[in-house]
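In: heads up, no residue letters with this:
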Ligand code: ASP
Ligand code: SER
Ligand code: ZN
């Protein structure tokens, strides 16, 4: 009798062990989140130190902290399999999903390989930050990307531009082998987590099947591509008028060094070349700020003030004490702007090397969007302290910056007069040169990486594949011959830092949806491009309602809270630029539109 009871009891215990309850899953997740919060904060803090003080030691420390986070996350994901098949409440199920998707750098279980993955990642990041161009090899005259950004924006000498371009792109080549290693190691990690490769893991973060996500991107690109092509045709003609043979190519492509940006990414800096003849002269915000002797802190204060005008709090005192706003004189740092949330609470910071330019004025608004998002969701369960998806995170500050209209600038004392309605086209053109021009580039970066992670592109074809995509989508060509001795993807921050990039494409689309929704909330009626919701508490409330949801719901629900729609839609972006599209078509009459792709996209002519 006794043995029977005991056997039954053991069977019951075994069954209970085999079939955990929802309460067990909840308890497991609470513990996991507490641990991951600690490990993430350690990794953030080490990452901050590394990027603001690049040395072998700080790289090693940062790699170690990443390693601990990756190791524990991987273990927890493995252990979480015990709950597979259990019907969980949606929020809890989402926490498990987000945990599995949380590593942009998955790494192998095998400790030595995992350590290598994080060491390689940290060393690539450090190499980018320490990257410099030393004209004529003179090591006393080296310049970093922050200063190169300004020179690419300002120089109108095609030879100098080509030199700066080629000089900076040299930083890529030494990264090639390490990058190939990173791809191999992180792919192994991704497979061990149950994904085909790292690209597949990244694409799984959008609350829809991978195929549907790719189809959605294609749909959005189709919506905006005609506008890009008109802009390309128009700007190309203006560049040829300015630079003659330096800009003219038989295949119709634009040489990548003439567009005012190292990656031919945003083109607003060469607005002066593209400006319609005798048009209203739009003010250059950077110049105005310089005339007013506004410093780096002052630039950030404009951004903070905008958020406060919507009803958000001031930035915490620690923000001002701990941020890096200007480039330190005596050490290497990563100058590429970023926003940090070091303790997943209120220790938010910016890391920028501000030059008082129009670009950096806009960048600061972009970055503060991240910090205000972080502060809005900081009381949620740890895994929900994130954007609804990563594109949302990138879109917030930009949707605010769209409100930097002449009326707004007048209110804050940065222009004296509001331009007449005929200035709309020039203003729209300048904005399109930043916002529309960047769209194809924002697809290229991850299309390249998805092919690399997916194995379609092997290391010996890295550079060729890069230029094939740039040619196809952007219609740009390199200013000097390239070959597989180069590794041009390495000259763009997000590749060595392993930061996914398609988020910026999504953000370009979403930000117009958010902007329109906030304009509506503010009671604005009129053409979308003239709306500023500065000082509208209604717009702020709308924004805050979405921000404080963090990642707690699938992104379409967050989109609905803001816009009433549950889809990405380029409609608002097209509405914003509609008058410009009509105008561009008029300007482009009789011009041959588009470009032809070449046999060897790495050749400069
Ligand atoms: N400003 C940078 C960029 O968008 C970094 C960021 O995403 O905040 O790449
Ligand atoms: N900040 C991002 C970049 O530099 C998107 O604009 O590419
Ligand atoms: Zn960003």
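Out: Noted; the coordinates are in hand. From a predicted model like this one, the values you see are computed outputs, not experimental measurements. Numbers count the residues shown, from 1 in each chain. Ligands and ions are numbered 1, 2, ... in the order given.
In: Only C-alpha atoms from now on, for both contacts and neighbour counts.
Out: OK.
In: all helices of the stretch 451-600 of the chain, in order?
Out: Using DSSP state H, counting those that start in this stretch, the helices found in the stretch 451-600 of the chain span residues 462-469, 502-521, 537-547, 555-563, 571-587.
In: What lies in contact with the fourth one?
Out: Which is helix 555-563. Applying C-alpha atoms under 8 Å, 6 or more residues apart in numbering, the external contacts of helix 555-563 come out as 206-207, 388-389, 513-514, 517-518, 542-543, 545-546, 549, 565-567.
In: Mean neighbour count for the helices of the stretch 451-600 of the chain - can I get that in TSV?
Out: Output for the helices of the stretch 451-600 of the chain, formatted as TSV (neighbours: other C-alpha atoms under 10 Å):
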stretch	mean neighbour count
helix 462-469	23
helix 502-521	24
helix 537-547	20
helix 555-563	21
helix 571-587	18
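In: Let me know which of these is the nearest to residue 496.
Out: For the helices of the stretch 451-600 of the chain, proximity to residue 496 was assessed by C-alpha to C-alpha; helix 462-469 is nearest, at 13.9 Å.
In: so what does the closest one touch, helix or strand wise?
Out: Judged by 3 or more C-alpha pairs under 8 Å, 6 or more residues apart in numbering; DSSP states H and E, helix 462-469 is in contact with helix 438-454.
In: Does the helix it packs on reach ligand 1?
Out: No - using C-alpha under 6 Å from any ligand atom, helix 438-454 never reaches ligand 1; the gap is at least 10.5 Å.
In: picking up where we left off before, which members of the contacts of helix 555-563 define the maximum pairwise distance?
Out: Farthest pair in those (C-alpha to C-alpha) is 207 and 518. Separation: 24.5 Å.
In: Helices of the stretch 101-250 of the chain, start to end?
Out: For the stretch 101-250 of the chain, applying DSSP H, counting those that start in this stretch gives helices covering 111-130, 145-154, 158-169, 176-192, 198-203, 210-243.
In: right, and those - which one's nearest ligand 1?
Out: helix 145-154 (12.2 Å; C-alpha to the nearest ligand atom).
In: can you list the residues that contact that closest one?
Out: Identification of contacts with helix 145-154 by C-alpha under 8 Å, 6+ apart yields 131-132, 161, 164, 168, 257, 259-262, 269-270, 335-336, 353-355.
In: Residue 490 is nearest to which of the helices of the stretch 451-600 of the chain?
Out: Taking C-alpha to C-alpha, helix 462-469 is the member of these nearest to residue 490, at 9.9 Å.
In: any chance of the helices of the stretch 101-250 of the chain in JSON lines, plus distance to residue 84 and mean pLDDT?
Out: Output for the helices of the stretch 101-250 of the chain, formatted as JSON lines (distance: least, C-alpha to C-alpha, whole Å; pLDDT from 0 to 100):
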{"stretch": "helix 111-130", "distance to residue 84": "26", "mean pLDDT": "98"}
{"stretch": "helix 145-154", "distance to residue 84": "48", "mean pLDDT": "98"}
{"stretch": "helix 158-169", "distance to residue 84": "47", "mean pLDDT": "98"}
{"stretch": "helix 176-192", "distance to residue 84": "17", "mean pLDDT": "98"}
{"stretch": "helix 198-203", "distance to residue 84": "19", "mean pLDDT": "98"}
{"stretch": "helix 210-243", "distance to residue 84": "21", "mean pLDDT": "97"}
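In: and the most centrally placed residue in the chain, what is it in contact with?
Out: Among the residues of the chain, the one closest to the centroid is residue 504, at 4.5 Å (C-alpha atoms, centre = their mean). By C-alpha under 8 Å, 6+ apart, residue 504 lies in contact with 391, 394-395, 442.
In: Which of these ranks first by neighbour count?
Out: Of all those, residue 395 has the most neighbours under the rule other C-alpha atoms under 10 Å, reaching 29 neighbours.
In: That residue touches residue 513, doesn't it?
Out: No - using C-alpha atoms under 8 Å, residue 395 and residue 513 do not qualify as a contacting pair, with a distance of 9.7 Å.
In: just the strands in the stretch 201-350 of the chain please.
Out: For the stretch 201-350 of the chain, the strands defined by DSSP state E, counting those that start in this stretch cover 254-255, 338-341, 348-351.
In: Around ligand 1, which positions in the protein sit nearby?
Out: Listed as neighbours of ligand 1 in the chain under the rule C-alpha under 6 Å from any ligand atom: 337-339, 363, 367.
In: can you put the helices of the stretch 101-250 of the chain in a markdown table and add mean neighbour count and distance to residue 456?
Out: Converted to a markdown table, the helices of the stretch 101-250 of the chain look like this (neighbours: other C-alpha atoms under 10 Å; distance: least, C-alpha to C-alpha, whole Å):
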| stretch | mean neighbour count | distance to residue 456 |
| --- | --- | --- |
| helix 111-130 | 22 | 21 |
| helix 145-154 | 19 | 31 |
| helix 158-169 | 19 | 24 |
| helix 176-192 | 21 | 13 |
| helix 198-203 | 22 | 12 |
| helix 210-243 | 17 | 17 |
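In: Have a look at this structure and report the helix or strand with the lowest mean pLDDT.
Out: Lowest by mean pLDDT, DSSP states H and E among the helices and strands of the chain is helix 2-18, with a mean of 55.
In: next helix or strand past that one?
Out: Downstream of helix 2-18, the first helix or strand assigned by DSSP states H and E is helix 22-52.
In: relative to helix 111-130, how tilted is that next one?
Out: Relative orientation of helix 22-52 versus helix 111-130 (axes from the mean of the first three to the mean of the last three C-alpha atoms, to 10 degrees): 40 degrees.
In: for helix 22-52, the distance to its chain's centre please.
Out: For helix 22-52, the separation from the chain centroid amounts to 23 Å (computed by C-alpha atoms, centre = their mean, to the nearest Å).
In: model confidence over it, on average?
Out: The average pLDDT for helix 22-52 rounds to 98.
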